[in-house]
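Trainee: Starting from these lines, generate the structure:
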Amino acid sequence: MSNISEILTTHSCVNLDERIQFDLDGVVEKEIKQAYCIKNLEFCVSCMDYTTLRVTETEEAVRNFVIELLKKLKKYDLKGVAAVCVFPNYAGLVREQLQSSDIQTAVVAGSFPNAQTFTEIKLAECKMAVAAGAQEVDVVLSVGDLLEKNYEKVYRELLAIRKVCEKVRLKVILETGELKDVETIFNASLIAAYAGADFIKTSTGKVPVNATPESVYVMCEAVKQYYAQTGKRVGLKIAGGITKAQSAIRYMTIVDHVLGSEWLTPKYFRIGSSQLLDDVVKEIKALQMVKESESAS
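Mentor: So this is what the prediction gives:
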C-alpha cells in the first residue's frame, strides 16, 4: 500500500455502532458483574499509569507524589502500578525515585495536551524526554488534521515521533471525545497503529468528554482488525475521568470481551488516573470484609 488512506480502505466499521449497543447493554454488563472481584481489582492497580499533570507542579510536589504512591503500595500490600506519568521535565526525577522498583517512568510530550505546535518542537520535546529518562511517552495526534481527513499528514507526523521514540514505549492519544463518531475514532486508531504506536489512548483528560465505553469498544475493534492483518498487538490505555473501581472493571471487561485475555496484561492494557487508586483500595477492603464475614459464618 502506498499511503495510509489506501490502508484504511482494507478495514471496515460498517454497522459497528449497532453491535456496540447490543454488546454494551447486554453481554458486557453481565460480564462486569462476574468480573468484579479482588483479583481483578488488584490487576487494575498493576495496569495503572499513576498520573499527576497539574499546572502547579513543582519538583517537590512530584517527588512527594511518588513517595506517597510507594507508601500506599507497601501499606496495602500491592505489587505496584505499571508507570508513573508526569510532565517531561520531571522524567529524570521520577526515574531516579523509581529505580528500586519495576515501575516505569512515563511522560506526556509533543505539546501535550493540544499538540498545536511545530512538528520539530514536538520531536525535540520527545527526544529530550527520552534523554532525561522517560521509558514511555504519551503524545496527542493532530486532532484538527484528523477531523479534516488530512490522514497522510497525521500519519507522517506520528511516524516521525515514532522514530525519535524508537527505544521507548509510545502511546498515541486520540482525544476520542473530540472525534465524535465511530468512523473517525476507528480511523484514528488504525492510523496510530500503522504508524507504530505501542498503545492507543482515549484521552488527555483535559477536554469535556473523555473515555467512554463506546469509544473504547471502537478502539478495541480497530486493534482487533489491525492484529488480524498484521499479527501485531497494540495496547489500549483508558484515561480521562477514571476515578472509580467500577469504571476500571468495566473497561477491563470491554477489552476482554472484544480482544480476549491476551490483552489483559500491563503490556497491552493501561488505565491512566490520578484518583483511581484510593477507590480501588477501598473496594478491595470491602470485598475482603465480605469474604471474611462469609468465612466466619
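
Trainee: From now on I want contacts and neighbour counts done on CA atoms only, so please keep to that.
Mentor: Fine.

Trainee: Low-confidence ranges, the stretch 1-150 of the chain, go.
Mentor: Under the criterion pLDDT under 70, the flagged ranges of the stretch 1-150 of the chain are 1-2.

Trainee: Which parts of it are helices?
Mentor: Using DSSP state H, counting those that start in this stretch, the helices found in the stretch 1-150 of the chain span residues 4-8, 16-22, 28-35, 38-46, 59-75, 91-97, 119-132, 143-147.

Trainee: Can you add mean neighbour count and distance to residue 213 and give these back as JSON lines?
Mentor: Putting the helices of the stretch 1-150 of the chain into JSON lines (neighbours: other CA atoms under 10 Å; distance: least, CA to CA, whole Å) gives the following:
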{"stretch": "helix 4-8", "mean neighbour count": "15", "distance to residue 213": "23"}
{"stretch": "helix 16-22", "mean neighbour count": "14", "distance to residue 213": "9"}
{"stretch": "helix 28-35", "mean neighbour count": "15", "distance to residue 213": "10"}
{"stretch": "helix 38-46", "mean neighbour count": "20", "distance to residue 213": "16"}
{"stretch": "helix 59-75", "mean neighbour count": "14", "distance to residue 213": "28"}
{"stretch": "helix 91-97", "mean neighbour count": "19", "distance to residue 213": "31"}
{"stretch": "helix 119-132", "mean neighbour count": "19", "distance to residue 213": "30"}
{"stretch": "helix 143-147", "mean neighbour count": "17", "distance to residue 213": "20"}
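
Trainee: gap between the residue positioned nearest the centre of the chain and residue 200?
Mentor: Nearest residue to the geometric centre of the chain (CA atoms, centre = their mean): residue 237, 1.7 Å. The gap separating residue 237 from residue 200 is 6 Å, by CA to CA, to the nearest Å.

Trainee: swap in residue 256?
Mentor: For residue 256, the distance to residue 200 - CA to CA - is 16 Å.

Trainee: between these two, which one's more packed in?
Mentor: More crowded of residue 256 and residue 200, by other CA atoms under 10 Å: residue 200, with 32 against 17.

Trainee: State the distance from that one to residue 80.
Mentor: Distance of residue 200 to residue 80, given as CA to CA: 22 Å.

Trainee: now do residue 223
Mentor: With distances taken as CA to CA, residue 223 is found 27 Å from residue 80.
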